[in-house]
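Participant: no letters, just coordinates:
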């Protein structure tokens with residue numbers, strides 16, 4: 001009997017202890033600040049190519065994302081590609097310049113309060129040394145046939161920007177030379193030394209217009225060539241203001257725009273963010289430790305045919321990686337803001353695993369809400385030991401808490417993302433999360449709770465429940481939008497008494513994201 005009683009007590013103790021372990025505690029003091037919130041996450045966002053930016057629907061979506069998510073810069077490919085009509089030569093081989101298409105695009109960016117993160121590429125065909133291209137829209141990836149003509153193009157374009165927008169404005173821009181030249185022959189038909197030569201001519205052309213204009217590179221895939229780039233510029237007295245590179249969270253290589261190679265979400269918990277921290281370390285230990293670091297592309301996957309981009313898992317993934325990066329990067333440019341993106345050509349399905357935060361028809365994906373929530377955080381971060389949350393306050397005394405769980409449920413290398421994330425994937429319970437905030441000023445507050453997770457602002461699951469129609473009519477698009485419109489899941493009035501903390505407990509499941517907004521009335 002005594003043994004039975006001891007066994008029962010032991011089981012009961014383990015049960016109670018397990019319950020306690022399943023309640024995640026986030027303890028905050030309203031009066032203890034960590035400093036101004038580092039908003040590097042909204043410095044920049046990506047887009048497919050410049051010519052897509054002349055479309056009305058692209059512009060409407062960017063204006064919406066700018067308003068809701070607060071992005072300041074935008075980066076895109078193809079500014080110098082022939083569909084932007086920038087360069088040709090007359091019958092005698094003399095350069096002919098035209099910046100009307102570029103002006104229309106950049107004027108629009110200015111009109112919505114955004115700035116270009118100017119990626120200089122690809123090669124105009126009339127200036128190219130070869131005919132090798134990439135993507136459906138045929139961006140030429142060969143070096144210039146004449147470096148003097150290339151220099152003149154870059155200098156003339158930079159002078160044009162100065163005349164149109166003013167030097168004080170252009171000083172706030174970034175000029176990045178080319179895109180992923182280490183992926184040869186995909187994005188660059190030359191060698192590393194050929195790229196360094198291109199960078200040298202380009203950087204000096206920009207600086208010849210104004211020494212304070214910012215130029216950098218190498219814009220590589222996989223955090224490559226960073227020490228080599230710095231070493232080259234240092235030894236050859238070549239100007240450089242920032243290092244740029246890219247990282248994605250999947251294994252099995254690069255340049256899989258059709259998703260046919262099959263991608264696998266990396267099980268390494270420091271995937272992507274580990275690259276960023278290493279990049280910062282390489283800069284800090286270099287001969288130019290003060291260089292800015294910009295990750296001008298990043299996401300869970302490098303292919304626009306990966307259903308993880310459509311999944312609710314992406315929302316928590318985005319937040320997890322940004323939190324892990326900390327202060328290591330000056331910007332982390334999510335690739336991209338919209339599925340209006342034609343590297344593999346126009347897409348035929350409403351949900352096709354595209355990079356975008358929005359579908360072609362403007363449906364918000366879960367990743368969109370991660371950035372919307374981040375943009376709603378107050379300007380002052382509070383001291384917080386929890387690894388998967390931000391808690392902030394603003395100048396009016398309102399409090400915001402962004403809390404998530406990231407659980408990599410991917411089964412491993414034997415299953416591709418293209419098979420796994422197209423399924424209905426119910427989430428499992430992770431217990432409870434309790435947010436406690438001490439020293440909140442007494443008063444009455446309106447509490448709003450927003451959520452992203454399985455079947456909560458999860459447009460793809462709604463699409464699955466419709467039977468995955470090959471095309472969506474207007475009514476179906478509106479239905480998906482209405483069921484995933486980002487409305488609060490909870491609204492209540494809270495009274496905080498003097499000396500008493502604010503406390504809120506929530507049930508949390510795998511890859512849930514919660515945003516709590518406590519508004520002083």
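Facilitator: In hand now; what should we look at? Since we're looking at a predicted model, the values are computed, not measured.
Participant: secondary structure class for residue 88?
Facilitator: For residue 88, the assignment made with DSSP: H, G, I helix; E, B strand; the rest coil gives strand.
Participant: so, low pLDDT: which residues of this protein?
Facilitator: The chain contains residues with pLDDT under 70 at 1-21, 252-256, 258-259.
Participant: for the residue positioned nearest the centre of it, which non-adjacent residue is spatially closest?
Facilitator: Central residue of the chain (C-alpha atoms, centre = their mean): residue 334, 1.5 Å from the mean position. Distance criterion C-beta to C-beta, 6 or more residues apart in numbering; nearest residue to residue 334, sequence neighbours excluded, is residue 45 at 5.5 Å. In this view, the C-beta of every residue, glycine as well, is placed from N, C-alpha and C.
Participant: with residue 490 instead?
Facilitator: Computed as C-beta to C-beta, 6+ apart, the closest residue to residue 490 that is not its neighbour in sequence is residue 449, at 3.9 Å.
Participant: measure the one you found to residue 426 for me?
Facilitator: Using C-beta to C-beta, to the nearest Å, we find residue 449 at a distance of 21 Å from residue 426.
Participant: run a quick neighbour tally on residue 236.
Facilitator: By other C-beta atoms under 10 Å, the residues close to residue 236 number 9.
Participant: now it, nearest residue through space, not along the chain?
Facilitator: Counting by C-beta to C-beta, 6+ apart, the nearest residue to residue 236 once its immediate chain neighbours are dropped is residue 200, at 6.9 Å.
Participant: can you name the next helix or strand after the helix or strand hosting that neighbour?
Facilitator: Using DSSP states H and E, residue 200 sits within helix 192-209. The helix or strand immediately downstream of helix 192-209 is strand 214-220, counting by DSSP H and E.
Participant: immediately after that next one, which helix or strand?
Facilitator: Beyond strand 214-220 on the C-terminal side, the first helix or strand identified by DSSP H and E is helix 226-235.
Participant: now that following helix: buried residues?
Facilitator: Of all the residues in helix 226-235, those buried under the rule 16 or more other C-beta atoms under 10 Å are 226, 228, 229, 230, 232, 233.
Participant: so what's the last one up against?
Facilitator: Same thing as residue 233. By C-beta atoms under 8 Å, 6 or more residues apart in numbering, residue 233 lies in contact with 239, 240, 288.
Participant: show me what the helix holding residue 200 is packed against.
Facilitator: helix 147-165, strand 174-177, strand 214-220, helix 226-235 (3 or more C-beta pairs under 8 Å, 6 or more residues apart in numbering; DSSP states H and E).
Participant: how does this structure divide into domains?
Facilitator: 24-35+382-520, 38-380 (automatic domain parsing).
Participant: can you tell me which of these is packed in deepest?
Facilitator: Across the domains of the chain, averaging neighbours per residue (mean count of other C-beta atoms under 10 Å) puts domain 38-380 on top, at a mean of 20.
Participant: just how off-centre is that domain within its chain?
Facilitator: Chain-centre distance of domain 38-380: 11 Å, with C-alpha atoms, centre = their mean, to the nearest Å.
Participant: where along the stretch 401-521 of the chain do the helices fall?
Facilitator: 417-420, 459-465, 474-483 (DSSP state H, counting those that start in this stretch).
Participant: would a markdown table of those with distance to residue 317 be doable?
Facilitator: Output for those, formatted as a markdown table (distance: least, C-beta to C-beta, whole Å):
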| stretch | distance to residue 317 |
| --- | --- |
| helix 417-420 | 12 |
| helix 459-465 | 14 |
| helix 474-483 | 22 |
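Participant: and the residue nearest to residue 334, what is it in contact with?
Facilitator: Counting by C-beta under 8 Å, 6+ apart, residue 45 has contacts 65, 69, 71, 73, 74, 75, 333, 334, 336, 337.
Participant: kindly report the same for residue 222.
Facilitator: Neighbouring residues of residue 222 by C-beta under 8 Å, 6+ apart: 182, 245, 246, 247, 254, 275.
Participant: can I assume the fourth one sits in a strand?
Facilitator: In other words, residue 247. Yes: according to three-state DSSP, the state of residue 247 is that of a strand.
Participant: and it, what are its bridge partners?
Facilitator: residue 298 (DSSP bridges).
Participant: picking that back up, adding distance to residue 110 as columns, could you present the helices and strands packed on helix 192-209 in a markdown table?
Facilitator: Listed next are the helices and strands packed on helix 192-209 as a markdown table, based on distance: least, C-beta to C-beta, whole Å:
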| stretch | distance to residue 110 |
| --- | --- |
| helix 147-165 | 7 |
| strand 174-177 | 16 |
| strand 214-220 | 18 |
| helix 226-235 | 31 |
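Participant: these: which one's closest to residue 102?
Facilitator: helix 147-165 (7.8 Å; C-beta to C-beta).
Participant: measure residue 240 to residue 288 for me?
Facilitator: Applying C-beta to C-beta to residue 240 and residue 288 gives a distance of 7 Å.
Participant: now for these two: what residues contact both?
Facilitator: Residues touching both residue 240 and residue 288 by C-beta under 8 Å, 6+ apart: 230, 233.
Participant: assess the claim that residue 50 and residue 78 are in contact.
Facilitator: Yes: counting by C-beta atoms under 8 Å, residue 50 does reach residue 78; the two are 4.8 Å apart.
Participant: shared neighbours, these two?
Facilitator: Counting by C-beta under 8 Å, 6+ apart, the residues touching both residue 50 and residue 78 are residue 84.
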